[in-house]
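Q: Model the following, please.
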Amino acid sequence: MTRVVHPIEQESFRRLRARLDTSHFAPLTRAVVERVIHSAADLDYATDLVTDEDALVAAHAALHAGAPVVADVEMVAAGITKRRSVCRLKDAKSSSGLTRSAHAIRLAYEEVGPGALWVIGCAPTALEELLVLDAAPALVIGLPVGFVGAAESKAALRESGLPAVSNVSEKGGSAVAAAALNALLYHPAPSVDANETTTDVFEVSEVSEVSKESQ
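A: Residues are numbered from 1 along each chain as shown. The predicted model follows:
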């Protein structure tokens, strides 16, 4: 199975690696760091992101085994390629003490149950709600953005001990959260058939699936 990589993406990664040495990162950590940086054109994510290679290895296996993916908002869901994701924001309602984003997380958990990969790139309250649920996630990509609650919610995620990708600063957003998940999707999965591999193929010509620069 191959993913055809558009020439623009190929050139973007060449320039990224010319400006930043990522060779010291473990394989999945490197994949996540590079794709997040690529999505935002922000090299500072190399030191701002907090990841754990063992957690990424386990999450990568769960993802490629078919674990469900949950997105907090439609923009995150739209950015995730090659995999349907669950987003219940349209069905959610705010109430006293509960934001619409938090309610959407509750609804999503009722749908998918434990073992999902959660991708939160918008609302800190969505991440805060996930942390109070007994969701037993395969991975939490917690990269909400904002001056109010974002850094605090990500610090709480790290303190929770859950398998996670987060960052220290207030920055984040839908594009970088989706990019982190896509890094795990694009990274080759162990093949059942020893003769079959999953690789990226670089082409010079236009391809039918143009990779998004925001991913």
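Q: Going by C-alpha atoms from here, please, whenever you check contacts or count neighbours.
A: OK.
Q: Could you tell me how many residues sit around residue 83?
A: 13 (other CA atoms under 10 Å).
Q: Also the one 4 residues further on?
A: With neighbours defined by other CA under 10 Å, the count for residue 87 comes to 22.
Q: Let me see the backbone angles for it.
A: Dihedral pair for residue 87: phi -140, psi 120, per degrees, to the nearest 10.
Q: and the nearest residue to residue 31 once chain neighbours are set aside, helix, strand or coil?
A: Excluding the flanking residues, the one nearest residue 31 by CA to CA, 6 or more residues apart in numbering is residue 183, at 5.5 Å. Under DSSP: H, G, I helix; E, B strand; the rest coil, residue 183 falls in the helix class.
Q: now residue 85: how far from residue 4?
A: Distance of residue 85 to residue 4, given as CA to CA, to the nearest Å: 22 Å.
Q: So which of the two has more stuff around it?
A: More crowded of residue 85 and residue 4, by other CA under 10 Å: residue 85, with 20 against 16.
Q: Looking at per-residue confidence, what score does the more buried one get?
A: Note on residue 85: pLDDT of 96.
Q: just residue 206 next, same as before
A: On the pLDDT scale, residue 206 gets 28.
Q: One more: residue 8?
A: pLDDT, residue 8: 89.
Q: Name the residues that touch stretch 44-52?
A: Outside stretch 44-52, the residues within contact range by CA atoms under 8 Å, 6 or more residues apart in numbering are 29, 33, 34, 36, 37, 163, 164, 165, 166, 167, 168, 169.
Q: got the contact list for the helix or strand harbouring the fifth one?
A: Residue 37 is located in helix 27-40, with elements delineated by DSSP states H and E. The contact list for helix 27-40, computed with CA under 8 Å, 6+ apart, reads 12-13, 16, 22-23, 43-46, 49, 51-53, 56-57, 175-177, 179-184, 187, 213-215.
Q: mind redoing it with 7 Å?
A: 22, 43, 45-46, 51, 53, 56, 175-176, 179-180, 183, 213-215 (CA atoms under 7 Å, 6 or more residues apart in numbering).
Q: any chance you could map the strands in the protein?
A: Assigned by DSSP state E, the chain shows strands spanning 2-5, 49-50, 69-71, 117-120, 139-142, 164-167, 199-202.
Q: hey, which of these is tucked in deepest?
A: strand 117-120 (a mean of 30; mean count of other CA atoms under 10 Å).
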